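**Q** Return atomic coordinates for the entry below.
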Amino acid sequence: MDYIGAAKEGEAVYEISRSRFIARIAPVESVEAGLEFVKRIKTEFPDATHHPFAVTGTPESGAFRLSDDGEPQGTSGQPILNVLKKKGLYNTVIVVTRYFGGIKLGAGGLVQAYSRAATMAAESVPGVKYTLSDIYELSLGYPEFRLLGSVIRASKAQVFDVNYAENITAKAAVPVGQCDVFKSGVTNITEGKEGALKHIGTKYFTYTR
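**A** Residues are numbered from 1 along each chain as shown. The predicted model follows:
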């Protein structure tokens, strides 16, 4: 399964009727991590009036959290969440920090303002695709490592954390549907050498080409 999330942190500012809305977006590994991001923003803007937010987890978990943070119920957290859903962004948090300008916006005005600020934040950063992947640890000789390129291309995998010593150790992320191709390829180039390949986990991974 794949999903789209924010590629990096971003910020947008929306002003209306003297109120200033500072929207921050960030990729997060979990809903809990999103809540930690919210705490960070509150520390950065301790004198702000409100910090409504919404954060989504992975598609299969369906997890999310939201808060109006003192604004009238349904006028801020839900509109922010609606933006995340409309944009199809998972494992992503948006916090909209408000500095009240003295003019009340009313419920409809608040919904519009928070929706607009969240949308601006979502559009300030590119999206990135995350693919559910198995992560492997590799231990290869130099000749074997030179042959690994064809296996990587065939399995659409990506190698990272490469360390060159007496042997080469590295990690590889492999889309779950390509794992048999990857394991078979590594087995062939190492002639089934014990300890050459070890599965160490499954996680969502971003592939760069």
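**Q** Mind listing the residues bridging to the spatially most central residue of the chain?
**A** When CA atoms, centre = their mean is applied to the chain, the residue found nearest the centroid is Pro27 (3.5 Å). Using DSSP bridges, the beta-bridge partners of Pro27 come out as Thr92.
**Q** now it: how far from Ser139?
**A** 31 Å (CB to CB, to the nearest Å). Yep, even glycine has a C-beta here, placed from its N, CA and C like the rest.
**Q** cool, Gly108 as well?
**A** 62 Å.
**Q** cool, and Ser115?
**A** 51 Å.
**Q** same thing with Arg146?
**A** Distance from Arg146 to Ser139, by CB to CB: 15 Å.
**Q** the more surrounded of the two?
**A** Ser139 (18 against 12; other CB atoms under 10 Å).
**Q** Tell me which other helices or strands the strand with the most length in the chain touches.
**A** If you go by DSSP state E, the chain has its longest strand at strand 127-140. Helices and strands touching strand 127-140, by 3 or more CB pairs under 8 Å, 6 or more residues apart in numbering; DSSP states H and E, are strand 2-6, strand 168-175, helix 179-190, strand 197-205.
**Q** Mind exporting the C-alpha coordinates of it to CSV?
**A** This file holds the C-alpha atoms of strand 127-140, laid out as CSV (Å, rounded to 0.1, in the frame of the first residue of the first chain):
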residue,chain,number,x,y,z
GLY,A,127,3.9,15.7,-1.5
VAL,A,128,5.9,12.5,-1.4
LYS,A,129,4.9,8.9,-1.9
TYR,A,130,5.5,6.4,0.9
THR,A,131,5.6,2.7,0.1
LEU,A,132,5.2,-0.1,2.6
SER,A,133,8.6,-1.8,2.4
ASP,A,134,10.6,-4.6,4.0
ILE,A,135,14.0,-3.4,5.4
TYR,A,136,17.0,-5.7,5.1
GLU,A,137,20.5,-5.6,6.4
LEU,A,138,23.2,-6.7,4.0
SER,A,139,26.7,-8.0,4.6
LEU,A,140,28.6,-8.5,1.3
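**Q** Throw the helices and strands packed on strand 127-140 into CSV and include distance to Thr58, thanks.
**A** Shown next, in CSV, are the helices and strands packed on strand 127-140 (distance: least, CB to CB, whole Å):
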stretch, distance to Thr58
strand 2-6, 6
strand 168-175, 16
helix 179-190, 19
strand 197-205, 7
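**Q** Mind putting these into TSV with mean pLDDT, distance to Ile80 and mean neighbour count?
**A** Converted to TSV, the helices and strands packed on strand 127-140 look like this (pLDDT from 0 to 100; distance: least, CB to CB, whole Å; neighbours: other CB atoms under 10 Å):
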stretch	mean pLDDT	distance to Ile80	mean neighbour count
strand 2-6	93	13	19
strand 168-175	97	31	20
helix 179-190	96	37	17
strand 197-205	93	23	14
